[in-house]
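Sequence and computational prediction follow.
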Amino acid sequence: MALPVFSANGLIVRYGITTLLNSSTLALHEGERVGLVGRNGCGKSTFLRIAAGDLEPDGGEVTRRRNALVGYLPQTFGLDDSATVEANILAGASHILKMIADYEATPAEDHRASELLDEIEKHDGWNLDSRLATLVTNLHAPDITRLAANLSGGEKRRVALCRALIGQPDLLILDEPTNHLDTNSVEWLEGFLRTYKGTCLFVTHDRFFLDRVTTRIVELKAGTFYSYPGNYTKYLSTKAEREAGEESSEHERQKYLARELEWVRKGPSARRTKSVDRIARYHEMAAEAGPSRDEQMDMIIPPPPKLGNTILDLKGVGVKLGERVLFDRLDFEMPPGSRIGIVGRNGMGKTTLLRVIMGELEPTWGKVTVGQRTIINYVDQNRAVVNDEDTVLTAIAGTADWVVLGEEKIHVRTYLRRFLFTDDAINSKVGNLSGGERSRLTLGKVLLRGGNLLILDEPTNDLDLSTLQLVEESLAQFTGCALVVSHDRWFLNRVCTHILSIEEGGVIEFTPGDYDYYLEKKANRLAAPAPIVKAAPAPVAAPKARGRKLTYKESKELESIEDEIHVAEALSAATSALLADPQFFVTRSKEFPEQERKLEKEQATVARLYARWAELEAIKAAQG
């Protein structure tokens, strides 16, 4: 078995009366990729901080392999705002830069020089510049010359992720690494981690990511770690088997207790040794705790008001920012009962499109029509609908004691308990909540507004997996309509009836079906041969075209043009096949924009050659 890089024995962590880690033990071995899952607030981020050396537990022992380098992306991170993007990223490779500086200052004959050289090569230190460029390109980090102070929250997070990866640490710890990444970047990160030589521990809500990357799932539940070898799908089946076994054992225990209780109540007349032992065994069994069950959130979306014939209608809508066209000529009519996933790379205009739909931004051209009976309910990705200084109670209902859900009126505390907030949490400030708890609170507040068109911008960020499943089930049963911007592929597959994709060059594709079907159609579209463009018939009233003979040059052109078409079609087909190959996105995904542009040019060449061939053939036919 591989050697442990990190081990924790008997960890204890308490916050007030809450015990997050209860004599918990876990070891991470060389080359493992461990996904840590569990309910929001169960202590996942706390454990990651302990593993990274950023927090000391209240009790227990933490051991790291000697000289093991640790890279860490926390949920709340800091950058040097006065430094450039490049400087902030290279701060994650400071140990390599120091070794290079020491090596260059050490005489060649000194034995220390060879030791430093071995360490530099172990961490691929001589390729630091190319690794920086690769990370910035594939994670779509901002220009390396920009100051960190001028970056958005999402840009800063991508810089912090680059910083954690660049040093190639022995132990890589990532807290929600897929947040603020587009789908292409997430897929590249999956490939990067699958071939990563170090040990990786991460927390993520992205189930596709967990399924494709992990070699082991560790669940943190009630202060205890439960380990499941394999990926997320294997974890789900193994956990179900374990819980079924626990339920069966608990059923047998309850049957035994009921039988023994009846015997105890009869009061055996002779308190012989066997009777005393039997009573003691009964009390021992009765004192055992049954299997712990996850408390389920009870999320109910209020019944939506009836929609009109027109829900949302966009005609020729486009947005231009400066010299850049984000999207153009969007014609879109929302189908009744649809749940539409909006996808595309970061910066392509997804959130801008939502702002145009809600009337917060005027389109550069085109018209947006919102139906008279359409009531929009919106939650943004920054969870800005709650105030840090409010308590959880006042954030939901102000000074009111009751909230209304459709025709149902319930007490505000009862409503908050549906979202798994304890009495202590209900009275605490919003600013003290974890990211997942804040997301649950935001959902609770947004749902109270009602509405029949839900617009959700990255609704899955910071939610735990069980809450995500409930959100998916609730949205799938929602009888209104929904527009969802998300990079969570699992979520898009479970919820969406259509996909609206903003592609390179501002082109928009609207595809019925889930995300997998959209990917299939996109691959087919890229692999399809270029359409044959037929030349329009020559106008009757164009006497100059009649009877004109091909020139010598045109005759030679006609003789060779079919060969040119065959060559152009072969090049286009080769590029299409490359882009349709799933392995391409694993090993060469950074080349996708360039190859896509290349394919467009090749297809345009094929179309131009066919048009010219048709024109020359028409002239030849007319002459004789």
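Yes, it's here. Numbers count the residues shown, from 1 in each chain.

Now do whichever strand or helix holds Glu252, average pLDDT.
Assigned by DSSP states H and E, Glu252 belongs to helix 232-266. The average pLDDT within helix 232-266 is 75.

Likewise for stretch 106-118?
Rounded mean pLDDT across stretch 106-118 is 87.

Buried residues, it. List them.
Using 16 or more other CB atoms under 10 Å as the test for burial, stretch 106-118 gives Thr106, Ala113, Leu116, Leu117. For glycine as for every other residue, the C-beta is placed from the backbone atoms N, C-alpha and C.

In three-state terms, label the third one for me.
Translated: Leu116. Going by DSSP: H, G, I helix; E, B strand; the rest coil, the secondary structure assigned to Leu116 is helix.

ok, the residue lying closest to Glu119 once chain neighbours are set aside - contacts?
With CB to CB, 6 or more residues apart in numbering as the measure, Met99 is the residue that lies nearest to Glu119, at 5.5 Å, once sequence neighbours are left out. Taking CB atoms under 8 Å, 6 or more residues apart in numbering, we find Met99 in contact with Leu116, Glu119, Ile120, His123, Gly125.

What about the second one, how many residues nearby?
When neighbours are counted by other CB atoms under 10 Å, Glu119 registers 18.

and if you look at the last one?
Gly125 has 21 neighbours, counted by other CB under 10 Å.

so which strand or helix has the spatially closest residue to it that is not a sequence neighbour?
Nearest in space to Gly125, with sequence neighbours left out and distances taken as CB to CB, 6+ apart, is Ile96 at 4.3 Å. Ile96 is part of helix 94-105 when elements are defined by DSSP H and E.

what's the distance between that helix and the middle of its chain?
36 Å (CA atoms, centre = their mean, to the nearest Å).

in it, what counts as buried?
By 16+ other CB under 10 Å, the buried positions in helix 94-105 come out as Ile96, Met99, Ile100, Tyr103.

same thing with stretch 192-208?
When neighbours are counted by 16+ other CB under 10 Å, the buried residues of stretch 192-208 are found to be 192-193, 196, 198-208.

just stretch 143-161 next, same as before
Using 16+ other CB under 10 Å as the burial criterion, the residues of stretch 143-161 that qualify are Ile144, Leu147, Ala148, Leu151, Gly154, Glu155, Lys156, Arg157, Arg158, Val159, Ala160, Leu161.

Help me confirm that the fourth one comes into contact with Asn88.
Spelled out, that is Leu151. No - counting by CB atoms under 8 Å, Leu151 does not reach Asn88; the two are 9.4 Å apart.

okay, and the common contacts of the two?
Where contact means CB under 8 Å, 6+ apart, the residues bridging Leu151 and Asn88 through contact with each are Leu79, Val159.

re earlier: the helix holding Glu252 - contacts with which helices or strands?
helix 207-213, strand 216-221, strand 224-229, helix 273-287 (3 or more CB pairs under 8 Å, 6 or more residues apart in numbering; DSSP states H and E).

Show me how far it is from its chain's centre.
Using CA atoms, centre = their mean, the distance from the centre of helix 232-266 to the centre of the chain it belongs to is 36 Å.
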